[in-house]
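Peer 1: Provide a 3D model corresponding to the input given below.
(one chain, ligands or ions: 1)
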Amino acid sequence: MTPSGGRYDAIVLGVGGVGSAATYHLARRGASVLGLERFDVPHARGSSHGRTRLLQRLLDADPATMALADRAHDSWRALEAETGRDLLTETGSLAVAVGGDEPVASGRRACERHGLDHESLSGADLTERFPGYAFPDDAEALYQPDGAVVASERGVVAHVAAALDAGATVRARERVVDWEAVDGGVRVDTDRDTYRADRLVVTAGAWAAQAVDALDGLLEPCRHATAWFAPGGDRSAALADDRLPPFVATVDGENFYGLPGPDLPGMKFGRADFRPTAPDALSEPTQADERPLRAFAEEYVPGAAGSTLRLSTGLVTNSPDGRFVLDTLANGRVAVAAGLSGRGYKFAPALGEILADLALDGGTDFDISGYALGRFE
Ligand SMILES: Cc1cc2nc3c(=O)[nH]c(=O)nc-3n(C[C@H](O)[C@H](O)[C@H](O)COP(=O)(O)OP(=O)(O)OC[C@H]3O[C@@H](n4cnc5c(N)ncnc54)[C@H](O)[C@@H]3O)c2cc1C
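Peer 2: Numbering: from 1, shown residues only. Next comes the predicted model:
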C-alpha cells in the first residue's frame, strides 16, 4: 500500500528543542525530511519553552560532553549568522556555594582538568563586581567567562526557519500515533496521515518512552517550575545590564539558578525541584512554586525580587544516571535522543547534527559511546 502522506529520506518525531535542530541538519545535508509536531512550533507544554537556557560548561565535565558543548556553541553562532537572529548572549556564568563548597569545588576541578578559563571569587568580591548579587561575604564563587544564555523558543524557531529554507517540511498539530520498521525503512502513522521514510529520528522529549518501547520504564518525566520577578528596590539598577552572569547556587544543600533576560526585565529563577508527572498531566505553576524562589531572590538577588511577571512549568526528563540516551535502534533505522535530564537544550544543535549523521551515515565522528542505551541492560 502506498502511504498517502508521501515518502521521505527521514522523518523527525517531535519538533522541539532537539527535533528542530535535527530537522535542520538533515535538510541542510540534502535529505528530504518531514518534521512532525503534535503541538505548535514552538509551544509551552514540553521542555524547551521559558525563553532562556544556561550554557555553562562546569556541570559537564567529561570529554565527550565538553566536545558537544564546544560544537553546540559554534553551531548556535552559525545559526545566528544564517538566520540573522540573536540567539546567544555571552554573559559569563557563575557557580556559587553558600554553606558548603559545591558546586564551586567540582566546577573548579572541571575547569582545571579541561583548561577552561575561570576565576575564584568570594561572595564579597562577587558583590563588588556584580552589585546585583548579595551572597554572603564568605560564600565561594567561580566565574567562567565563556558562559552564555541561549534564547530557547527563538532557537526552536530559528532551526525551523532554517530547515524550511533548506527544503524541509514541518507539520504541527499532527501527532505520531505509531511507527513500524517495514521494507528497509519505517512507516509512520499520525492522527492525520501515513508516511514512509528510510529513517526515523525520535526527539519526543518527555514523550520519548511512549514513542520507543525500549525506553519504557527508563525515563522519568518531571515537572519543573520557574518564576520571573521584575526589578525592584534599591539594587535594581544593578540588573539593568542584560549581561549580568547567570548563576547556579547551592545554599545549604539546596540548588537554585537565576538567569537575566532576554526580553523580560528582571530575572528568571528556578530550583532543583523535579516532581515526577505524566507529560500530558503537566500542571500549572502555583504560589507554592513561587514562594521559595521569591525567598531566594529577596535574600540573594534583592534587586530582582520585584513583582511577579511570569510563572511557568516545564518538563525535565531524567535518565537513570542523568546522562543522555543517544543511540540507534531497529538495525539503524531509528536514531533517538532522549533522557536529556535537564541539561540538553544548550547542546541542541550538536545533538541535531549527530542525529543527522546517525540517520544518513549510520554513524558519527562524535564519541557517543557513553550515551548508548545498552548501558542500562
Ligand atoms: C524549566 C527548565 C529549565 C531548563 N534549564 C536548562 C538549562 O539552563 N540548560 C540546558 O541545557 N537545559 C536546560 N533544561 C533542559 C532542556 O531544556 C531540555 O533538555 C531540552 O529542551 C529538551 O529538548 P527536547 O527536544 O528533548 O524536548 P522538547 O523541546 O519538549 O521537544 C519534544 C517535542 O516532541 C513533541 N512530541 C512528543 N511526542 C510526539 C508525538 N507522538 N508526535 C509528534 N510530536 C511529539 C513534543 O510536543 C515536543 O515539542 C531545562 C528544562 C526546563 C524544563
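Peer 1: Report pLDDT for the closest residue to the ligand within the stretch 151-300 of the chain.
Peer 2: Closest approach of the stretch 151-300 of the chain to the ligand (C-beta to the nearest ligand atom) occurs at G205, with a separation of 2.6 Å. Any C-beta I mention is one placed from the backbone N, CA and C, and that applies to glycine too. Looking at G205, its pLDDT stands at 98.
Peer 1: Check the contact between it and L315; I expect there is one.
Peer 2: Yes - in this structure G205 lies within contact range of L315 using C-beta atoms under 8 Å: 6.7 Å.
Peer 1: any residues in contact with both of those two?
Peer 2: 46-47, 279 (C-beta atoms under 8 Å, 6 or more residues apart in numbering).
Peer 1: In the sheet, which residues pair with R7? Tell me.
Peer 2: R196 (DSSP bridges).
Peer 1: Which residues of the stretch 101-250 of the chain lie near the ligand?
Peer 2: Counting by C-beta under 6 Å from any ligand atom, the stretch 101-250 of the chain comes close to the ligand at 175-176, 203-205, 207, 211, 224, 226.
Peer 1: so V248 sits in a strand?
Peer 2: Yes - using DSSP: H, G, I helix; E, B strand; the rest coil, the assignment for V248 is a strand.
Peer 1: Let me have the residues of the stretch 101-250 of the chain next to the ligand in a markdown table, extended by distance to S152 and secondary structure.
Peer 2: Output for these, formatted as a markdown table (distance: C-beta to C-beta, whole Å; DSSP: H, G, I helix; E, B strand; the rest coil):
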| residue | distance to S152 | secondary structure |
| --- | --- | --- |
| R175 | 22 | coil |
| V176 | 23 | strand |
| T203 | 15 | coil |
| A204 | 17 | coil |
| G205 | 13 | helix |
| W207 | 18 | helix |
| A211 | 22 | helix |
| H224 | 13 | strand |
| T226 | 12 | strand |
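Peer 1: Relative to G46, how far out is the residue of the stretch 151-300 of the chain closest to the ligand?
Peer 2: 5 Å (C-beta to C-beta, to the nearest Å).
Peer 1: and those two? which has more neighbours close in?
Peer 2: G205 (28 against 25; other C-beta atoms under 10 Å).
Peer 1: can you count the residues close to the nearest residue to R275 once chain neighbours are set aside?
Peer 2: Take R275 and drop its neighbours on the chain: the residue closest to it by C-beta to C-beta, 6 or more residues apart in numbering is R223, 4.7 Å away. Other residues near R223 come to 21 when the count uses other C-beta under 10 Å.
Peer 1: Also the one 4 residues further on?
Peer 2: Other residues near A227 come to 24 when the count uses other C-beta under 10 Å.
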